[in-house]
Every structure is written in C-alpha cells, then in structure tokens.
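Asks: sequence isn't available, so here's the structure alone:
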C-alpha cells in the first residue's frame, strides 16, 4: 500500500503534524511506500499563485496520485481546517482522491471544534472525489500533551480511536495493540 500523508499545519512543532506522522507509524507493517507532504515546506509563492507546474508542488501532487491511502492532518482554526491546507487542496485535480482511502485527522484546543472534520474538511475531500473516507480522528490539545524530549504523548483513548479508524486497513491493529498492552502488564 502506498501511503501519502499531508500535514496542513503552518507550525514547525505541531500536534496535528505529529498525529499525522504517528498514524503513519501505526501503518508501517502494511505500507510498501510512504511519503509525507508538509505543506508549510512547499514554496509559498507557488501555493499562493496556484502554480502546479512548480517542481515541488508537482511532486506533491504526483505523490497523491500514486497513493492508495491519503492521510490528511490539520489543526482546526475558527471551526475550519487550516488555510494552508486549503491552498494546497485547491491545487489538486478535481478527482485527485477518487479510488483512494482517505483518513482525516485534526487537532484543536477544545472538543467544540470536533465537528469541523464533518462539516468543513469532509465536504472538500468529497469534492476531490473521495468516496472511501475513514472515520476521522479529532484530538484536543489535552489529549496530546507535550513531551519534555520533544513530540507528544497521546492519551490511551486517542490511540484507541486512531486504531479503530485504521482497522479497515489493518485488521490486525487491534490485536497488535492488545499484545502490546499485555506485555506492559
């Protein structure tokens, strides 16, 4: 399975980018190839002027075309996905997500932003042809606490929701996690 992840966060140290990368690690056993697109690292001018011919943008668009699974991660700002993600998604062809599985992930300051996945992000994914959208996973800041060594520590309930969302792709995910939990006891 070729997996491409998209991080729509403008921040270098971002909960949503971390969650997106973490989802990729949960799929390591089934990925034949994985690529990560950090939209904030793409040329700003090309994004703003919708220049899909710029080489870095063209490579990112091709990575999505080649993928069978696309993971889309974004912070939620003012009840919507990030503007940075929006300018990138606007560069994609109309059917860029047709025939692919799509996993939407989002983070926000409070559960009040939970519905942004369903009411803001999923309609755009559908407009891009996505018909197999996995259960989205929303995490609050409190569910992803900063770790002193870098990164974040996810709450167990968040891990369980992420694994449930991934189950259609990796039926053994739940068994792997159960085995990990039994080893810790």
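Replies: Cool, the structure landed. Owing to the predicted nature of the structure, the values given are computational and were not obtained by experimental measurement.
Asks: show me what the residue nearest to residue 83 when sequence neighbours are not counted bridges to in the sheet.
Replies: Once flanking residues are discounted, residue 83 sits nearest to residue 77: 7.7 Å by C-beta to C-beta, 6 or more residues apart in numbering. C-betas here are computed from N, CA, C, even on glycine. Counting by DSSP bridges, residue 77 is bridged to residue 80.
Asks: where along the chain do the strands fall?
Replies: For the chain, applying DSSP state E gives strands covering 2-7, 33-38, 69-77, 80-81, 101-108, 132-133, 137-140, 144-146, 152-154.
Asks: relative to residue 132, how far out is the residue nearest to residue 83?
Replies: 27 Å (C-beta to C-beta, to the nearest Å).
Asks: what of residue 76?
Replies: Distance check for residue 76 against residue 132: by C-beta to C-beta, it reads 23 Å.
Asks: same question, residue 18
Replies: Using C-beta to C-beta, which is the criterion applied here, residue 18 is 25 Å from residue 132.
Asks: neighbour-wise, which of the two wins?
Replies: Neighbour count, other C-beta atoms under 10 Å: between residue 18 and residue 132, residue 18 has more, with 22 against 13.
Asks: so the more buried one touches residue 152, yeah?
Replies: Yes. Contact criterion C-beta atoms under 8 Å: residue 18 and residue 152 qualify, at 5.0 Å.
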